[in-house]
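[1] Provide a 3D model corresponding to the input given below.
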Amino acid sequence: MENRGSGQFKRQKDFLVCVDSDGCAMDTMNSKHFYCFGPCMVREWGLERWQDEILPRWNEINLYSMTRGINRFKGLVKALREIHDQCTPIAELPVLEKWVRTTPELSNAALKRVIRENDSSCLRKALAWSEAVNKAVETLPEEKVHPFAGVRDALTEAHKCADVAVVSSANREAVLNEWEKYHLLEHTDVVMAQDAGSKAFCIGSLLEQGYAPDQVLMCGDAVGDLEAAEKNGVYFYPVLVRHEDNSWKEFVPDALPHLLAGTYRGRYQQELIEKFLNNLNGR
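    Now for the predicted structure:
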């Protein structure tokens with residue numbers, strides 16, 4: 001089925017399955033943080049002396065804890081605050097922290113606007129870092145960007161009985177390119193990415209098509225995905241970090257039948273959420 005933007009999308013089935021991209025459907029999150037986000041921060045702030053302790057901590061914040069999937073700028077200030085307190089001073093860090101805390105839009109464009117109004121070395125370095133990350137992501141080797149095993153089969157089966165939406169906070173062009181390359185777009189109906197708004201907003205917009213919330217499922221790998229689902233009163237299917245392939249393997253024989261049969265609510269959903277949170281907490 002031809003993939004359409006959100007403006008043209010119309011509900012076709014009673015059920016809706018929403019799927020996050022980075023770290024959920026696509027095995028891209030580890031590579032982006034290992035090779036792009038953390039190393040670019042080290043280079044931008046000249047932190048090579050402390051990189052052996054900084055880089056594992058960056059990955060812990062952004063991949064292997066309850067803050068997995070945190071916005072890049074929120075993750076940056078969290079890491080820089082620890083570096084400032086434990087390793088070396090970060091000039092004008094409070095200016096960046098204030099912007100992250102108060103801005104209604106965490107993006108490169110918003111950061112450029114605030115720099116024009118209130119120039120700061122730390123703000124300029126944050127922008128340079130973010131732009132360097134984007135360039136580094138574009139040059140990742142092809143073998144570092146691919147779907148998790150089982151994703152295509154899961155989308156194929158879900159699409160037989162449900163509309164399928166990509167709901168991602170990643171760059172729209174990157175999502176479209178990655179999903180097109182691996183023939184995943186043909187099993188989806190709409191892509192709602194960073195430009196469409198928050199994941200909670202995107203799910204809410206899709207619900208306006210007339211889906212019953214108890215016939216909608218959000219598949220995600222981070223606490224933000226769970227919160228977006230809960231905010232809209234829809235179900236959540238966790239893709240567990242370090243166990244992603246197995247999570248997708250269980251989706252078709254386990255989660256999808258519960259959704260279709262109306263038995264997702266209650267004990268089944270709660271057990272999935274507990275397993276998800278315990279995994280992020282290292283238990």
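
[2] quick one: H159 and K10, what's the gap?
    In this view, H159 and K10 are 16 Å apart by Cβ to Cβ, to the nearest Å. Yep, even glycine has a C-beta here, placed from its N, CA and C like the rest.

[3] those two: which has the busier surroundings?
    Between H159 and K10, H159 has the larger neighbour count (other Cβ atoms under 10 Å), namely 17 against 10.

[4] how close does the more buried one sit to V19?
    The gap separating H159 from V19 is 11 Å, by Cβ to Cβ.

[5] who touches both of those two?
    T188 (Cβ atoms under 8 Å, 6 or more residues apart in numbering).

[6] three-state assignment of A154?
    Three-state call for A154 (DSSP: H, G, I helix; E, B strand; the rest coil): helix.

[7] likewise for Y268?
    Y268 - assigned by three-state DSSP - is helix.

[8] try the one 3 residues further on
    Using three-state DSSP, the structure places E271 in helix.

[9] tell me how far the closest residue to L140 other than its chain neighbours lies from I54.
    Of all residues not flanking L140 in the chain, S31 sits nearest, at 5.7 Å (Cβ to Cβ, 6 or more residues apart in numbering). Separation of S31 from I54 (Cβ to Cβ): 18 Å.

[10] what's the answer for V216, then?
    As judged by Cβ to Cβ, V216 and I54 stand 40 Å apart.

[11] packing partners of the helix or strand bottoming out on mean pLDDT in the chain?
    Here the helix or strand of the chain ranked lowest by mean pLDDT, DSSP states H and E is helix 172-181, holding a mean of 90. Judged by 3 or more Cβ pairs under 8 Å, 6 or more residues apart in numbering; DSSP states H and E, helix 172-181 is in contact with strand 190-192.

[12] my guess is L111 meets S130, correct?
    Yes - counting by Cβ atoms under 8 Å, L111 touches S130, with 7.1 Å between them.

[13] give me the common contacts of the two.
    Common contacts of L111 and S130 (Cβ under 8 Å, 6+ apart): F73.

[14] show me what stretch 50-68 is in contact with.
    Taking contacts as Cβ under 8 Å, 6+ apart, the residues outside stretch 50-68 that touch it are 23, 29-30, 33-34, 37-39, 41-42, 47, 69-70, 75, 78-79, 82-83, 87-88, 221-223, 241-242, 277, 280-282.

[15] what comes up buried for stretch 213-221?
    Neighbour counts over stretch 213-221 (16 or more other Cβ atoms under 10 Å) mark Q215, V216, L217, M218, C219, G220, D221 as buried.

[16] verify the contact between the last one and F236 for me.
    No - the pair formed by D221 and F236 falls short of the contact definition of Cβ under 8 Å, at 10.8 Å.

[17] what about the helices in the stretch 101-250 of the chain?
    108-117, 121-138, 151-161, 172-181, 199-207, 223-232, 244-250 (DSSP state H, counting those that start in this stretch).

[18] may I see the buried residues of the shortest one?
    Of the residues in helix 244-250, those scored as buried under the neighbour-count criterion (16+ other Cβ under 10 Å) are E244, S247, W248, K249, E250.

[19] per-residue confidence for R4?
    pLDDT recorded at R4 is 49.

[20] related to what we said a few turns ago, dihedrals phi and psi, the residue nearest to L140?
    Here is the backbone geometry of S31 (degrees, to the nearest 10): phi -60, psi -40.

[21] and the gap between it and L47?
    S31 is 21 Å from L47, by Cβ to Cβ.

[22] can I assume R11 sits in a strand?
    No - applying three-state DSSP, one finds R11 to be coil, outside a strand.
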